[in-house]
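Next one to model:
(chains A and B)
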Amino acid sequence: MRFSKLFIPTLREIPADAEAVSHILMLRAGYVRQLAAGLYIYLPLGWKVIGKINAILKEEMDRIGGQEISMPVLHPAEIWKQTGRWDAIGGEMFRLKDRSDRDLCLGMTHEEIMTWLASKEIRSYRDLPQVWYQIQTKLRDEARPKSGILRTREFIMKDSYSFDTTDEGLNTNYDLHAQAYHRIFGRCGLRFMQVESDTGMMGGAGAHEFMAPSPAGEDEVAICPACGYAANVELALSTPVGNAPADWAREEVHTPDKRTVQEVSHFLKVKPSYFIKSILVMAGPTPVLALVRGDQELHEKKLTKIIGPFRPAQKAEVKEILGVEAGFIGPMGQKVRIVGDACLKEGIYVSGANKPHYHLKGIAADRDFSAEWHDIHTARGGDVCPFCSGTLHVERVIEIGNIFKLGTKYSEPLGAVFLDENGNEKAIIMGSYGIGPARIAAAAIEQNNDKDGIIWPRSIAPFDVELIPLNMADPTTTATAEMLYQALAERGIEVLMDDRNERAGVKFKDADLIGIPTQVILGEKNLKEGLVEIKDRKTKETIKVKAEEVAEKIASLL
RNA sequence: CGGGGCGUAGCGCAGCCUGGCUAGCGCACCUGCCUUGGGAGCAGGGGGUCGGAGGUUCGAAUCCUCUCGCCCCGACCA
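Take a look at the predicted model:
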C-alpha cells in the first residue's frame, strides 16, 4: 500500500486523555480514535493488526477442532432469565426493549446462546463432542472503562465453547484450548504466563487465566520461580515469612488510645508482624471475627469463599457484639465464629485485650484462643511459596485470555441434554474459553516499544516492510522504490511505501512511530552506488544491500 | 457509585484567582518560494466565541447555579 493513499493520521503530541503507553502510541501512530468513553474506532492500521491477530486465532482454533460460527449480539431476555443471569447481573448488562416491549439485552458473553443452540440441536452422545467458536462483538456497560483499548464497553472477543459427554471429555477440550492459547500468544510475540484463576460466579471445576506482564495491567499474579506455581493474587496461596521466635510471658499491657496496629506497634516497639489484627465482619446477620497478622492484609475474596458474602461491621456493632470498642478487640474468649489466617497458628503474638486501652502480649493459638484456620491474607512478593518454599514474587499483568470449566451450570437450566449409550438423559458438560484480540494488540505494544514508538512483533504488524524513499524529487529514488515495491509484493511481502512528498525526518519519525518491524531506506547517496539500507526497527541495526538483492534478502529475514 | 482533575482552533496549551480594548501561543492546515538522511526555512493566509443552559453585572472565557462530557484513583468486573 501507498502511504499517501492510506489514512494514517499520526500525532506529534501526546493526547491529553491518554495515560497507558499502548493507548498513547495507538493514538499517536494513527491506529485508533476514541468515539466516547470505552468506545473506539479502529483506523486502517489498527484494523489490519486486529485482522492479523484474528487470523492466528482462527488457525489455532481450527487446529483443535473448533468450528467457527456467528451468533447475534442482540439477545432475547428469556434465555438469560432461564440461567438466572438476567437478575444476577447488575448494571453491567445493556438492556433494551423492542417495539413490542419485549426485553432484550446486548450480549456480554455467549454462554446462554451457545447453550441454547446446543439444547435445540444436540440429541445423542453421538453428536458430541462439539467445539464452537466465534469472533464477535461483546458489550458491557463497564463501571469504569480505562486504559484505552484495554477496558472498553464494546469489544471483540474470540469465545469458544466445548460440549462433552463426560468430565474426561471436558478436560481434553480444556487442555486443547490451553495448548492452543499457548501457541496463539506465542505466535503473537507476547511474553505471557498461564495462572490459576478464580472461578468466581462462574463456579465449576477450575479456571486459568493467560496473563501478559505489563505495568498497564489491572491484575496481579503471584509467581514462584522455583516450582512454577503461578496464580492470580485473588486466590494465590502464600506463607508470610515467619517471625523470629518471641518468648514473651503472657501479660496485659496498657496501650492508652493506641488502636491501630501501626500505633500499638510503635508504642510497644514490637514489629507489626507480631500482631494479630482482629476484624469483625457481618456475613448477613452472623458476625465473624477474621484474624490476620498485623503486617498482612485480609483478602476479602478468600474470606468470602469460606463464610459467604460479608461486609465490615460498623463500630457500634463491634461494641455490641464483642463488648469492646474497635481497636482493642482480640480473639480470646470470644464466642463468635473465628476464622484465622493459617500463619497465625505458629508463634507468639500481641492482640487487643478485649478491654479498652489494653493489649495482650504473649498469646499463642490453641493455648489462648482457637479458630478455623485458612489462608485469608493477600499474597505479597517475598512471601514463601506454599508448595516448594521458594520465594514468591508478584507481578502486574494484563489478562489476555481465560479458560473455564463450566460443567453443567448452563446446560442444566437451559435443558441442553443428550442421551448416553444406555439411553439415560444427561446434561452436557461444558467449557468456555475467551481471548480479547484488542488486548493482545495492546499488550504487544506495552511489551514492545521505545521512545520513538511501537515495535510490532512481525506476526501481527500491519505490514511486513516499510519502504522509505527519502527524496521523492529524485527520479532514481522513486524508480528504485517502485521496483522494490513490485519485487517485494511478488514475494507476498506486505509493503507500506511512504510515497508522500515529505522530508526525510518526517518519514523517519512516522516510520518509527508506526512500528513496522523492517524499514527499507532509499537515500540518494547510497543509490549512487546501487545500495539501499535495511533497518531493523527494534535493534536499529542497518545493513546495506544492493537494490536488486533487497527482496531476496528480506524474504530470508522474515 | 465514592474521591480527584480537566473541558478555550484539528492537537498541545496560556489567559480565569484579581471580570474591561479586536481571545493568545506552539504545532498542524492553505498559498508561494525554497528544501529533501531524523518532525526544515522565509513570506502570506484561513480557522475558535471559550462544552451546554441559566444567572449576577454597564460588561463574563473569567464570578454563581445547574447540566453534559472526558481522564485518573477506588469500588465493581459473570
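
Can you name every helix or strand that the lengthiest strand in chain A contacts?
Looking across chain A with DSSP state E, the single longest strand is strand A:393-407. Judged by 3 or more CB pairs under 8 Å, 6 or more residues apart in numbering; DSSP states H and E, the packing partners of strand A:393-407 are helix A:167-187, strand A:206-213, strand A:219-223, strand A:429-435, helix A:437-447. No exception for glycine: its C-beta is placed from N, CA and C like everyone else's.

And the longest one, how far out from the chain middle?
Chain-centre distance of helix A:167-187: 17 Å, with CA atoms, centre = their mean, to the nearest Å.

Tell me the buried residues in it?
A:169-174, A:176-178, A:180-181, A:184-185, A:187 (16 or more other CB atoms under 10 Å).

got the contact list for that helix?
A:56-57, A:60-61, A:63-65, A:128-129, A:131, A:160, A:162, A:164, A:192, A:194, A:205-206, A:208, A:210, A:212, A:400-401, A:403, A:405, A:407, A:429-431, A:433, A:435, A:440, A:459 (CB atoms under 8 Å, 6 or more residues apart in numbering).

now with 7 Å?
The contact list for helix A:167-187 (CB atoms under 7 Å, 6 or more residues apart in numbering) reads A:56-57, A:60-61, A:63-64, A:129, A:131, A:160, A:162, A:164, A:192, A:194, A:208, A:210, A:400-401, A:403, A:405, A:429, A:431, A:433, A:435, A:459.

The last one too?
Counting by CB under 7 Å, 6+ apart, helix A:437-447 makes contact with A:21-22, A:25-26, A:49-50, A:53-54, A:57, A:148-150, A:155-156, A:158, A:188-191, A:212, A:214, A:216, A:398, A:400, A:454, A:456-457, A:460, all of which sit outside it.

Could you dump the helices and strands packed on strand A:393-407 into CSV with distance to RNA strand B and mean pLDDT added?
Shown next, in CSV, are those (distance: least, CB to the nearest atom of the strand, whole Å; pLDDT from 0 to 100):
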stretch, distance to RNA strand B, mean pLDDT
helix A:167-187, 17, 97
strand A:206-213, 9, 95
strand A:219-223, 8, 94
strand A:429-435, 8, 97
helix A:437-447, 12, 97
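
Okay, the residue nearest the centre of chain A and A:A443: tell me how far apart.
By CA atoms, centre = their mean, chain A has its centre lying nearest to A:E399, at 1.1 Å. From A:E399 over to A:A443 the distance is 9 Å, taken as CB to CB, to the nearest Å.

same check, this time on A:V550
32 Å.

The two: who's more crowded?
Comparing A:V550 with A:A443 by other CB atoms under 10 Å, the one with more neighbours is A:A443, at 29 against 23.

Of the contacts of helix A:437-447, which belong to strands?
A:155-156, A:158, A:212, A:398, A:400, A:454.

Quick check: nearest residue in space to A:N402, chain neighbours excluded?
A:E209 (4.8 Å; CB to CB, 6 or more residues apart in numbering).

So what sits opposite the one you found in the bridge?
A:V195, A:N402 (DSSP bridges).

Would you confirm that it contacts A:F404?
No: judged on CB atoms under 7 Å, A:E209 makes no contact with A:F404 at a distance of 9.8 Å.

quick one: the strands in the stretch 301-450 of chain A?
A:311-312, A:337-341, A:348-352, A:358-364, A:372-374, A:393-407, A:417-419, A:425-427, A:429-435, A:449-450 (DSSP state E, counting those that start in this stretch).

relative to strand A:358-364, how tilted is the third one?
With axes from the mean of the first three to the mean of the last three CA atoms, to 10 degrees as the basis, strand A:348-352 and strand A:358-364 are set at 150 degrees to each other.

C-alpha coordinates for strand A:348-352, PDB please?
Presented in PDB, the C-alpha positions along strand A:348-352 are these (Å, rounded to 0.1, in the frame of the first residue of the first chain):
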ATOM      1  CA  ILE A 348       3.600 -15.700  70.000                       C
ATOM      2  CA  TYR A 349       1.600 -12.600  69.300                       C
ATOM      3  CA  VAL A 350       0.100  -9.400  70.600                       C
ATOM      4  CA  SER A 351      -3.600  -8.700  70.200                       C
ATOM      5  CA  GLY A 352      -6.300  -6.500  71.700                       C
END
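
Other residues contacting that strand?
Contacts for strand A:348-352 (CB under 7 Å, 6+ apart): A:246, A:248, A:268, A:270, A:274-276, A:278, A:327-331, A:359-364.

wouldn't A:G515 be in contact with A:I455 here?
Yes: A:G515 lies in contact with A:I455 (CB under 7 Å); the separation is 5.3 Å.

what touches both of the two?
Joint contacts of A:G515 and A:I455 (CB under 7 Å, 6+ apart) are A:R537.

Neighbour count: those two, which is higher?
With neighbours defined as other CB under 10 Å, A:G515 and A:I455 compare such that A:G515 has more, 28 against 22.

Buried residues in the one helix or strand A:I543 maps to, which are they?
Using DSSP states H and E, the element containing A:I543 is strand A:542-546. Across strand A:542-546, burial judged by 16+ other CB under 10 Å covers A:V545.

what's the average pLDDT for that strand?
For strand A:542-546, mean pLDDT rounds to 96.

Residues in contact with that strand: which ones?
A:526, A:530-535, A:553.

what's the answer for stretch A:92-107, then?
Here stretch A:92-107 has contacts from A:73-77, A:80, A:108, A:113, A:138-142, using CB under 7 Å, 6+ apart.

Extract the CA atoms of it and return them as CSV.
Once non-C-alpha atoms are left out, stretch A:92-107 reads as follows in CSV (Å, rounded to 0.1, in the frame of the first residue of the first chain):
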residue,chain,number,x,y,z
GLU,A,92,-23.1,-4.1,33.5
MET,A,93,-25.6,-5.6,31.1
PHE,A,94,-27.0,-3.3,28.4
ARG,A,95,-30.8,-3.9,28.4
LEU,A,96,-33.4,-2.6,26.0
LYS,A,97,-36.9,-3.3,24.7
ASP,A,98,-38.1,-3.8,21.2
ARG,A,99,-41.1,-2.1,19.7
SER,A,100,-43.5,-4.7,21.2
ASP,A,101,-42.0,-4.1,24.6
ARG,A,102,-40.1,-7.4,24.7
ASP,A,103,-37.0,-7.4,26.9
LEU,A,104,-33.7,-7.8,25.1
CYS,A,105,-30.1,-7.4,26.1
LEU,A,106,-26.8,-6.9,24.3
GLY,A,107,-24.6,-9.9,24.7
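
That stretch and RNA strand B in contact?
Yes: interface with RNA strand B: stretch A:92-107 contributes A:E92 (CB under 7 Å from any atom of the strand).

what's the spacing between that stretch and its chain's center?
28 Å.

Cheers, nothing more for now.
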